[in-house]
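Enquirer: 3D model of this:
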Amino acid sequence: MGAKWGDTVPRKIKQPKNKKISAVIKQQKIEVNLAWKQTFGKDQTARFDNVQKFVDSECIKRMVKYTPARNNILYKSPTLGTKIGSGHIYYQSPCARYQYYGKLMVSKVTGSPYASKGESKVLTNKDLKYSTARHPQAQKLWFETMKTNHKEQILRGAAAIAKRGR
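Expert: The predicted structure follows:
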């Protein structure tokens with residue numbers, strides 16, 4: 001399962017081309033050369049990459065208290081499945097999608113929440129009940145909850161990193 005915040009992350013910011021601009025003003029020719037620093041694209045890509053790494057790390061860190069943690073599979077999953085800086089958070093746990101959306105799924109054959117290997121499940125309208133023993137705020141849609149509660153702090157931190165350039 002991958003939760004993403006925003007659009008796909010660009011891999012490289014293009015180096016702008018230098019440009020000459022000419023104009024005649026009051027019968028006088030004026031020329032201007034716009035020259036970009038040769039490392040502009042590389043520098044801005046590095047700045048963007050640092051901001052994206054911060055956002056990814058903060059999202060994972062701040063989601064923990066909202067993530068169900070009865071057996072810690074979901075707690076560890078995003079740190080194992082996510083490439084920090086990619087702009088996508090992946091849970092490697094096979095139950096992640098099921099847990100995230102919070103609806104009970106049962107065997108097509110038996111109606112049990114347990115299914116045999118290779119057997120598919122069907123979605124029900126019954127809500128899952130989450131243990132709050134380890135994480136008192138555990139709930140479905142934990143990424144969305146984290147984003148609602150911490151978006152402004154994450155954006156302020158990202159802006160500060162972008163401003164510093166590192």
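
Enquirer: what's the closest non-adjacent residue to Ala158?
Expert: For Ala158, ignoring the flanking residues on the chain, the nearest one in space by CB to CB, 6 or more residues apart in numbering is Val51 at 4.9 Å. To be clear about C-beta, it is placed using only N, CA and C from the backbone, and glycine gets the same treatment.

Enquirer: around the nearest residue in space to Val64 that is not next to it in sequence, how many other residues sit close by?
Expert: Closest residue in space to Val64, ignoring its immediate chain neighbours: Tyr75 at 6.4 Å, by CB to CB, 6+ apart. Neighbour count for Tyr75, taken as other CB atoms under 10 Å: 17.

Enquirer: got phi/psi on Tyr75?
Expert: Dihedral pair for Tyr75: phi -60, psi -40, per degrees, to the nearest 10.

Enquirer: show me the contacts for it.
Expert: Neighbour list for Tyr75: Val64, Thr67, Ala69 [criterion: CB atoms under 8 Å, 6 or more residues apart in numbering].

Enquirer: any idea how far it lies from Lys61?
Expert: In this view, Tyr75 and Lys61 are 11 Å apart by CB to CB, to the nearest Å.

Enquirer: what about the residue nearest to Ser93 when sequence neighbours are not counted, neighbour count?
Expert: Leaving out its chain neighbours, the residue that sits closest to Ser93 by CB to CB, 6+ apart is Ser77, at 4.4 Å. By other CB under 10 Å, 22 other residues sit near Ser77.

Enquirer: so which helix or strand takes in Ser77?
Expert: helix 73-81 (DSSP states H and E).

Enquirer: which stretches of the chain have low pLDDT?
Expert: For the chain, applying pLDDT under 70 flags the ranges 1-11, 165-166.

Enquirer: as a quick check, tell me the outermost residue of it.
Expert: Computed with CA atoms, centre = their mean, the residue of the chain farthest from its C-alpha average is Gln27, at 55.6 Å.

Enquirer: hang on, the earlier thing: would you turn the contacts of Tyr75 into TSV with distance to Thr39?
Expert: What follows is the contacts of Tyr75, written out as TSV (distance: CB to CB, whole Å):
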residue	distance to Thr39
Val64	38
Thr67	40
Ala69	45
